[in-house]
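Peer 1: here is my input; please provide its structure:
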Amino acid sequence: MKKQDFDELKELSIQELEQKRMEVAKRLFDQRVQVRLGQMKNVRILRNLRKDIAQLNTLIQQKRMKNQRGTNGAK
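Peer 2: A predicted model of the protein is given here:
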């Protein structure tokens, strides 16, 4: 994921990030199937997709923590 794309993802809501994560996970699954069937030789794509999922998970967790701190501070 490019830095420009990553900066755009920071602006999305938690639900949108989770939807994006599901899309990337589906793409990862499809790519894995293609590698197993021998239709694709470039396995680096799998590594990049896993990294994208990890980045999305990090953003989701950060947003949840920020929301949680905001609600605790309001009490």
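Peer 1: mind checking what helix or strand follows the lowest-mean-pLDDT helix or strand in the chain in sequence?
Peer 2: Sorting the helices and strands of the chain by mean pLDDT, DSSP states H and E puts helix 3-9 at the bottom, at a mean of 80. Following helix 3-9 in sequence order, the next helix or strand is helix 14-36 (DSSP states H and E).
Peer 1: buried residues, that next one. List them.
Peer 2: 17, 20-21, 24, 28, 31 (16 or more other Cβ atoms under 10 Å). Yep, even glycine has a C-beta here, placed from its N, CA and C like the rest.
Peer 1: same check, this time on stretch 41-60
Peer 2: Buried-residue list, stretch 41-60, by 16+ other Cβ under 10 Å: 49, 52-53, 55-56, 59-60.
Peer 1: what is the least confident helix or strand of the chain packed up against?
Peer 2: Here helix 3-9 touches helix 44-74, going by 3 or more Cβ pairs under 8 Å, 6 or more residues apart in numbering; DSSP states H and E.
Peer 1: now do the helix it packs on against helix 14-36, angle only.
Peer 2: Per axes from the mean of the first three to the mean of the last three Cα atoms, to 10 degrees, the angle that helix 44-74 makes with helix 14-36 is 160 degrees.
Peer 1: let me see the mean pLDDT of helix 44-74.
Peer 2: The average pLDDT within helix 44-74 is 91.
Peer 1: distance from that helix to the middle of the chain?
Peer 2: Distance, stretch centre to chain centre, for helix 44-74: 8 Å (Cα atoms, centre = their mean, to the nearest Å).
Peer 1: same question for stretch 42-54.
Peer 2: 10 Å.
Peer 1: what lies in contact with it?
Peer 2: With contacts defined as Cβ atoms under 8 Å, 6 or more residues apart in numbering, stretch 42-54 is touched by 1, 21, 24-25, 27-28, 31-32, 35.
Peer 1: how close does R27 get to L59?
Peer 2: 18 Å (Cβ to Cβ, to the nearest Å).
Peer 1: same thing with L12?
Peer 2: Taking Cβ to Cβ, one finds L12 at 8 Å from L59.
Peer 1: repeat that for N72.
Peer 2: Taking Cβ to Cβ, one finds N72 at 20 Å from L59.
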